[in-house]
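Engineer: would you be able to build a 3D model of this:
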Amino acid sequence: QVQLTESGGGLVQAGGSLRLSCTTFGVTFGGFAMGWFRQVPGKDRDLVAAISWTGGSIFYADSVKGRFTISRDNAKKTGYLQMNNLKHEDTAEYYCAVSRLLIADTVQKFDYWGQGTQVTVSS
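Structural biologist: Predicted structure coming up:
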């Protein structure tokens, strides 16, 4: 059974930084893409960033380009999202996700989801 555990969320002032981590358990199907999504109440879950199995393909939402960096350590089975220069509009529940595909960049392509971690940016 695949399980994803996120950590690193919290409350931060605008302009500050946070680093989210996502550790995977029970993945037995070889290579997989990882992604970070975020959702606010009443709205759809949106892609923030995604990274392919090798790290050679990376996608970012326009709203986070230049501020967020996605990375992964396959040996540790862990993905990361470094968030710098945070803005109030980055406030959301952040979800880690795994896709059975080697490259994935839409919600529909991801198969497994974490429970989410709240990020709150005070203005």
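Engineer: center of this structure - which residue?
Structural biologist: With distances taken as Cα atoms, centre = their mean, Trp36 lies nearest the centre of the chain, 2.0 Å away.
Engineer: buried ones in the strand or helix carrying that residue, by neighbour count?
Structural biologist: Here Trp36, judged by DSSP states H and E, is contained in strand 33-39. Under the neighbour-count criterion of 16 or more other Cβ atoms under 10 Å, strand 33-39 has 33-38 buried. Bear in mind the C-beta positions are built from the backbone N, C-alpha and C, glycine included.
Engineer: what's the next helix or strand along the chain from it packed up against?
Structural biologist: Counting by DSSP H and E, the next helix or strand C-terminal to strand 33-39 is strand 46-51. Counting contacts by 3 or more Cβ pairs under 8 Å, 6 or more residues apart in numbering; DSSP states H and E, strand 46-51 packs against strand 33-39, strand 58-60, strand 68-73, strand 78-83.
Engineer: tell me the angle strand 46-51 makes with strand 33-39.
Structural biologist: With axes from the mean of the first three to the mean of the last three Cα atoms, to 10 degrees as the basis, strand 46-51 and strand 33-39 are set at 160 degrees to each other.
Engineer: pull out the buried positions in strand 46-51.
Structural biologist: 47-51.
Engineer: for those, give me JSON lines that also has distance to Ala92 and pLDDT.
Structural biologist: As requested, the buried residues of strand 46-51 are arranged in JSON lines below (distance: Cβ to Cβ, whole Å; pLDDT from 0 to 100):
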{"residue": "Leu47", "distance to Ala92": "12", "pLDDT": "97"}
{"residue": "Val48", "distance to Ala92": "9", "pLDDT": "98"}
{"residue": "Ala49", "distance to Ala92": "13", "pLDDT": "98"}
{"residue": "Ala50", "distance to Ala92": "16", "pLDDT": "98"}
{"residue": "Ile51", "distance to Ala92": "19", "pLDDT": "97"}
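Engineer: okay, those residues in TSV with distance to Gln13 next?
Structural biologist: As requested, those are exported to TSV (distance: Cβ to Cβ, whole Å):
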residue	distance to Gln13
Leu47	25
Val48	20
Ala49	22
Ala50	27
Ile51	28
